[in-house]
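Q: sharing a sequence plus its predicted fold:
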Amino acid sequence: MLATVLGLVIGAVIGGLGGGGGVLTVPALVYLLGETAGDATTSSVVIVGVTAAVGALARIRSGGVDLRTAAGFGVVGIPAAYLGTLLGHRVAQPVLLLAFAVLTLAAAGALLLDGRHGAPAGCGDTSVPVGPGGAVTTVATRTGTEVRHIGSLAWVVACGVAIGFLTGFLGVGGGFLVVPALVIALRMPMPRAVGTSLLIIAVNSAASFVSRLEVAHPDWRVVAPFTVAAVAGALIGKRVGDRMSAATLTTCFAALLLLIGSAVGVQSVLALR
């Protein structure tokens, strides 16, 4: 019963915000359902991965997913997720959860600061300069366009490797890092970042689970009802998220990360003593 209730809530978060499910699922499995950190990370990639896949399919139909960006993240993230999984099994539980908390708080801070200062010019800047009298000044060149594309590709590769590694290492889908990366580094609108994040989460979770097959010991009595409820919650969350503005989505996502990061951080520090 508890797994079902948690699944509905976490699924709604995943479906509405495009991430954050892993940062909720791992602590819920550890602190509320009594799993070890190792088993919880394995269970989490199953729950979050399946839920994200359903959410992504629901958004692909409406064009709310950047398939090329998601494919780029997936290609470089799969081997990185495998490496992160190998390393994650060698790290003590309090240290694993503390790293989890630090990254969550950092992602929240980056989102809030980015929203406060606005979108800086960069590889995703598509503004057109205006000359005297309001006439449009054509300064974009083929070379300039290619440079922006190369810059975007470099960001995709860098973010994909980092997030893939952390997906395997921490046992989360990576959405709590994917969404800030898409919004801040690639200047993707928040609603589209949500859909794209879901597809990336699904791919990374699948890769992480495959790499855990030899050592995976998920409790299917918990995972099965948790996953089914999470899928239902994701479909509900999508409908709610579609009615929210980009600014509201960003604020809600950052607030969620701050709340979870702080709670897990305190628990981890106390466990290290």
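A: Good, I have the coordinates.
Q: go ahead and flag the most central residue of the protein.
A: residue 175 (0.5 Å; CA atoms, centre = their mean).
Q: isn't it right up against residue 13?
A: No - Residue 175 lies out of contact with residue 13 (CB atoms under 8 Å); the separation is 9.4 Å. For glycine as for every other residue, the C-beta is placed from the backbone atoms N, C-alpha and C.
Q: quick one: buried residues of stretch 223-235?
A: Of the residues in stretch 223-235, 223-234 count as buried by neighbour count, 16 or more other CB atoms under 10 Å.
Q: looks to me like residue 63 is in a strand.
A: No - per DSSP: H, G, I helix; E, B strand; the rest coil, residue 63 lies outside any strand segment and is coil.
Q: just checking, residue 217 is part of a strand?
A: No - counting by three-state DSSP, residue 217 falls outside a strand, being coil.
Q: now the buried residues of stretch 223-235 in CSV, with secondary structure?
A: Formatted as CSV, those follow (three-state DSSP):
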residue, secondary structure
223, helix
224, helix
225, helix
226, helix
227, helix
228, helix
229, helix
230, helix
231, helix
232, helix
233, helix
234, helix
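Q: low-confidence ranges, the stretch 101-250 of the chain, go.
A: Regions of the stretch 101-250 of the chain meeting the criterion pLDDT under 70 cover residues 114-152, 171-174, 215-216.
Q: OK, contacts around residue 82?
A: Residue 82 sits next to 168, 207-208, 211 when contact means CB atoms under 8 Å, 6 or more residues apart in numbering.
Q: check the residues you listed and tell me the two furthest apart.
A: Greatest spacing in the contacts of residue 82, by CB to CB: 168 and 207 (7.5 Å).
Q: give me the common contacts of the two.
A: Common neighbours of residue 168 and residue 207 (CB under 8 Å, 6+ apart) are 81-82.
Q: the two: which is more packed in?
A: The neighbour count for residue 168 versus residue 207, taken as other CB atoms under 10 Å, is higher for residue 168 (31 against 24).
Q: check which helix or strand the more buried one maps to.
A: Assigned by DSSP states H and E, residue 168 belongs to helix 142-170.
Q: check residue 23 too.
A: Residue 23 belongs to helix 21-27, assigned by DSSP H and E.
Q: hmm, who's touching that helix?
A: 6, 9-11, 13-14, 37, 40-41, 43-45, 47-48, 51-52, 97, 100, 104, 170-176, 201, 226, 230, 256-257, 260-261, 263-264, 267.
Q: which of those are buried? Put it as a ChimeraX command.
A: Per 16+ other CB under 10 Å, the buried members of the contacts of helix 21-27 correspond to this ChimeraX selection:
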select :6,10,11,13,14,37,40,41,43,44,45,47,48,51,52,97,100,104,170,171,172,173,174,175,176,201,226,230,256,257,260,261,264,267
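Q: of the contacts of helix 21-27, which belong to strands?
A: If you go by DSSP state E, the contacts of helix 21-27 have nothing in strands.
Q: contacting residues around residue 160?
A: 72-77, 80.
Q: can you name the two of those that are farthest apart?
A: 72 and 80 (12.7 Å).
Q: for these two, indicate the residue with more neighbours.
A: Ranked by neighbour count (other CB under 10 Å), residue 72 and residue 80 place residue 80 first, with 22 against 19.
Q: how far away is that one from residue 56?
A: Residue 80 is 20 Å from residue 56, where distance means CB to CB, to the nearest Å.
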